[in-house]
Structure formats: structure tokens, C-alpha cells
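Student: A structural model of the following input is requested.
(2 chains)
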Number of protein chains: 2
Amino acid sequence: MPLLFYERLAADNRRPSPFCWRTRFALAHKRLEPEICAVRFTEADQLAFSGQGRVPILVDGDQVISDSWLIACYLEEAYPDHPSLFGGAVGRDLTRVLNHWVDTTLQRALAEPFIPSLHAILDPADQAYFRKSREETWGCTLEQLHNERAKYLSAFPPLLEPLRLKLDETPYICGEQPTYGDYLIFAVFQWARCTDPVDILSEHDTVLREWRTRMLDLHNGLARSVPAFKTAA
Amino acid sequence: MPLLFYERLAADNRRPSPFCWRTRFALAHKRLEPEICAVRFTEADQLAFSGQGRVPILVDGDQVISDSWLIACYLEEAYPDHPSLFGGAVGRDLTRVLNHWVDTTLQRALAEPFIPSLHAILDPADQAYFRKSREETWGCTLEQLHNERAKYLSAFPPLLEPLRLKLDETPYICGEQPTYGDYLIFAVFQWARCTDPVDILSEHDTVLREWRTRMLDLHNGLARSVPAFKTAA
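Tutor: Numbering: from 1, shown residues only, chains lettered A, B, ... in the order given. The predicted structure follows:
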């Protein structure tokens, strides 16, 4: 049975979901090559088989798993002889802490500036749905979010300080080699470069820039294999 | 050769250093029972043998290690048959990320409100030194820091959100059992209860309060074995 991976699709073949990038890298780390099914926001009927409407979804034989964290845990258990994503039980739990931190700080901080950018790269058929749902969630228009863009973007770099300190010690966040913790963080940067022309790292942020380049090169340049804006290396 | 552990001493036998609590718990986790040498700020001459002036310091035979992180790494390598602090190489690197996060967010956020509180619990001989050094570092008086106390304390609870989410899933931050990641975080709470009467957790912060109680009970109530303020459980 082939492995199927469902992810988000925008216009011009762009792949803008940070949650899906976590899983794409987890699959590559496990040396698995899924068939990729890219789905627009307004094609949720294609996901109905999973009992919910969000991506990523992994289908492995008769197993259907949604939620990026649950997929990572599934892969680690189902493919124990492939390279480990967590490095053991304590590593898994600490990776989960990092996952919650990424969700509540890094991705949270970029939600406001990137929602209008994501709207701009969607297919026209998706734009109406996306505007309505996001304007309801945030209680303001996309244009109002866009007007506050500079403030939101400037709040992002200080949040990276723990990572900067760690990457001054080891080439990857998880040590000498990347594991799922690196993918969690890198997915934020990949989301950025697929979605918005801005470079979220200053030109002086050398330690993080060099790590980002290493991550872009990983797994035969997986992150570079999709359309992206040029500024972010 | 006995194991010697140097930590900070305040008046009335109080032990207010969060860095030292990290190490005290790491030693207890490794089932090691060091001889404790508690040193006041103005007794730095007693630490000269270590080539620097800060605590914690661990002396194990002819090994002298300062810095809480280096001590944890030393203990993990020197006592591999005792319970693990990190659960492997990836666990160690992710714990180091957590360490940098604690330093730059949780402990950083409580520095301003707790510097005046620490001054208040020091021996009179230490107070003059401490006031001078901290007022130079912060560029303002202890009284000015104290005047901003409410603002600083209110900024602390939101920082705990990733931990709240994790502790809603497992009894300890590092999973089913505590490891060094739990000690890193708990040392902040132990610092608080040894230093200041305020409870840094709201009465509604159930998940974190229950974890804190579990941590207070660990290792035969190690955290409860020293003088502390009553409010923080």
C-alpha cells in the first residue's frame, strides 16, 4: 500500500502550511517517500475520509492519522528501525514542549503579519473562504492586520534568543544532527519563505542564518523543491 | 573522597539561588548525597579554588566544575549507571534548549521583581555588596525596581503557556518521570518560594500548581527541607 500525505495547496503550486512542513520533514527523516496530495482550502470534501477537515493527514495502509504531532509519534512507533525523530522517550517529551512553545510563540507571533500574505498567494476560489473565516477569527479585516505588519514582524526576532544561544553551541538545535525539534522550528521559516517576500531574519543574525541554510540543504534540498520567495535564502 | 557542593547562603539559612537548585535536584536524581557548603556573596574567597567566583560549584575528587549546565553534563557522564538526567543525546540537547529558554524568559522575567526581595533576605554583610552590584547592573535603585514590581509579576504567567499545555498531557514536563528539564523549571519556583512571599502562580493555575506540588514532594521533600515563604505551597 502506498503512503499518502495530504498537505495544503495555494496558487502556483505553493505549499504554505507550517504544520505540513513539519510532517514532510519527518517523512524525509524516516526515509519515506509518500505520494503527495495537495488540497486547497475549498476542497475539504477530499479530506472527509479522515473524519476532520485539516491537513496534514497521513494514510499508511489502513491507518489514517491527522495532526502533525500525532503523525510524528506514529512514524516513530511504526518505523522504529528508521532514523529516530526524538532520540527516546525523554527526547519525545521535550520535543513536545518545544512543539507547544513554537505554537504559542513563534507561529503565534507570525500569524497576524502572514494571514494577509497567505490570502494573497491563494487561488481566487480559496480567497473568499479564507478572508471570511480569518476575519471572523481575528475580529478585524485582513487590511487592518496588514496595517500592523511592521509592529508584528519586529516582535519576532527577540523570541528566537534561546535558539540563537543553542545554535552557537551545536550545528543543529537537537545537536550534531537534526531531529524533529529542528523540523518544528524550520517549518516556521519554510512557511515564511513560501508565503511572504520578507526575510524574517536580519542580515546580522548569522548563527540562525547559517542553520537555516543547513536546513534548506537537508534531504536533497527538500525545502528548495517548492516555489518560494527569493529573499529568505 | 566526599562530594562537595557549594551553593548560595542568605540570612536565616535560606538558599535562594535558582542555579544552585538545578544542581541540588540533579544530585538527588543521581542518588548522590554531597556535603553542602553554603557561601554568602561576601565570602567569595572561599570559592577562589575554582578559578571563578560563582555558585554552584561541584567538587568530585580532583574534579572541580562550576556552572549548573556543565555540572549536569558532568554528572550524566561520570555516573552513567545512576538514573539519567537527559535520557540520551537528543534529550540532552533539547534540555539545553529548555535551559536557554528558562534563562532568557522565565528567570529573566522574575529578575526585576525578585532582586529587591533577595536583598531583603540577605545577611546585612551581603546587603551592601548586593545593592551596589545590582544597582550598577540594572542602572537604577532597588527601590525603583520594587516600584515596578506589579508590572513585572503580571508579565510572568503568560510565559508558562507551553508548560501548561505539556503538563495537561503528562505528570511531568519530561514525561512520566521528572528529569533535568523539570528541575530547570522547578528551580524557578523554588527560587520564588525561598525569596519572596508572593505566589507566582494564580490560584486557578491548576495544572501547574499540581505539578509544583509533585515537585515539592520529590526526593523525600528536598525542596521543603529549607526555609521558605508559606504562600507558595
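Student: Surely residue A:37 is within a helix?
Tutor: No - in this structure, residue A:37 is strand, not part of a helix, as judged by DSSP: H, G, I helix; E, B strand; the rest coil.
Student: Measure how buried it is and give me the count.
Tutor: Counted with other Cβ atoms under 10 Å in any protein chain shown, the burial measure for residue A:37 works out to 16 neighbours. To be clear about C-beta, it is placed using only N, CA and C from the backbone, and glycine gets the same treatment.
Student: what sits against it?
Tutor: By Cβ atoms under 8 Å, 6 or more residues apart in numbering or on different chains, residue A:37 lies in contact with A:4-7, A:46.
Student: do residue A:106 as well
Tutor: Listed by Cβ under 8 Å, 6+ apart, the contact set of residue A:106 reads A:156, A:159-160, A:185, A:188.
Student: For these, pick the one with the most neighbours.
Tutor: With neighbours taken as other Cβ under 10 Å, the top of the contacts of residue A:106 is residue A:185, carrying 27 neighbours.
Student: got any ranges where chain A has weak pLDDT?
Tutor: Scanning chain A with the threshold set as pLDDT under 70 gives A:1, A:231-233.
Student: ranges for the helices of it?
Tutor: A:18-29, A:68-78, A:89-101, A:107-121, A:124-138, A:142-147, A:149-154, A:161-167, A:180-195, A:206-221 (DSSP state H).
Student: who in chain A is up against chain B?
Tutor: Within reach of chain B by Cβ under 8 Å from any Cβ of the partner chain, chain A has these residues: A:84, A:86-98, A:100-101, A:103-105, A:161-163, A:165-166, A:169-170, A:172-176, A:179, A:181.
Student: repeat that for 7 Å
Tutor: With Cβ under 7 Å from any Cβ of the partner chain as the criterion, chain A comes near chain B at residues A:86-91, A:93-98, A:100-101, A:104, A:161-162, A:165-166, A:170, A:173-175, A:179, A:181.
Student: if we can go back for a sec, let's have the contacts of residue A:37 in CSV, adding neighbour count.
Tutor: Listed next are the contacts of residue A:37 as CSV, based on neighbours: other Cβ atoms under 10 Å in any protein chain shown:
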residue, neighbour count
A:4, 15
A:5, 23
A:6, 25
A:7, 20
A:46, 14
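Student: Please name whichever of the helices of chain A is nearest to residue B:123.
Tutor: Proximity to residue B:123 (Cβ to Cβ) singles out helix A:161-167 among these, at 33.5 Å.
Student: residues near the residue nearest to residue A:123 when sequence neighbours are not counted, how many?
Tutor: Once its chain neighbours are removed from consideration, residue A:123 has its nearest residue in residue A:11; the separation is 4.6 Å (Cβ to Cβ, 6 or more residues apart in numbering or on different chains). Other residues within reach of residue A:11, judged by other Cβ under 10 Å, total 16.
Student: ok, residue A:11 - contacts?
Tutor: Listed by Cβ atoms under 7 Å, 6 or more residues apart in numbering or on different chains, the contact partners of residue A:11 are A:121-123.
Student: Just the buried subset of those residues, please.
Tutor: A residue is treated as buried here by neighbour count (16 or more other Cβ atoms under 10 Å in any protein chain shown); on that basis the buried members of the contacts of residue A:11 are A:121-123.
Student: In CSV: those residues, plus distance to residue B:211.
Tutor: CSV is the format used below for the buried ones among the contacts of residue A:11 (distance: Cβ to Cβ, whole Å):
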residue, distance to residue B:211
A:121, 42
A:122, 42
A:123, 46
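Student: wait, doesn't residue A:186 sit right on residue A:216?
Tutor: No - using Cβ atoms under 7 Å, residue A:186 is not in contact with residue A:216; the gap is 8.5 Å.
Student: And the two? Which one has more around it.
Tutor: Using other Cβ under 10 Å as the criterion, residue A:186 and residue A:216 rank with residue A:186 on top: 24 against 18.
Student: For chain B, see how far away that one is.
Tutor: In this structure, residue A:186 and chain B are separated by 14 Å, where distance is defined by Cβ to the nearest Cβ, to the nearest Å.
Student: contacting residues around the closest residue to that residue other than its chain neighbours?
Tutor: On the basis of Cβ to Cβ, 6+ apart, the spatially nearest residue to residue A:186 that is not a chain neighbour turns out to be residue A:215, at 4.4 Å. The contact partners of residue A:215, taken as Cβ under 7 Å, 6+ apart, are A:182, A:186, A:223.
Student: Please verify my assumption that the first one contacts residue A:175.
Tutor: No - at 9.3 Å, residue A:182 does not count as touching residue A:175 under the criterion of Cβ under 7 Å.
Student: one step back: from the residues of chain A next to chain B, list the buried ones, please.
Tutor: With burial judged by 16+ other Cβ under 10 Å, the buried subset of those is A:86-91, A:93-98, A:100-101, A:104, A:162, A:165-166, A:173-175, A:179, A:181.
Student: How about the contacts made by residue A:100?
Tutor: With Cβ under 7 Å, 6+ apart as the criterion, the residues that contact residue A:100 are B:162, B:165-166.
Student: ok, those residues vs residue B:79, which is closest?
Tutor: Of all the contacts of residue A:100, the one with the least separation from residue B:79 (Cβ to Cβ) is residue B:166, at 27.1 Å.
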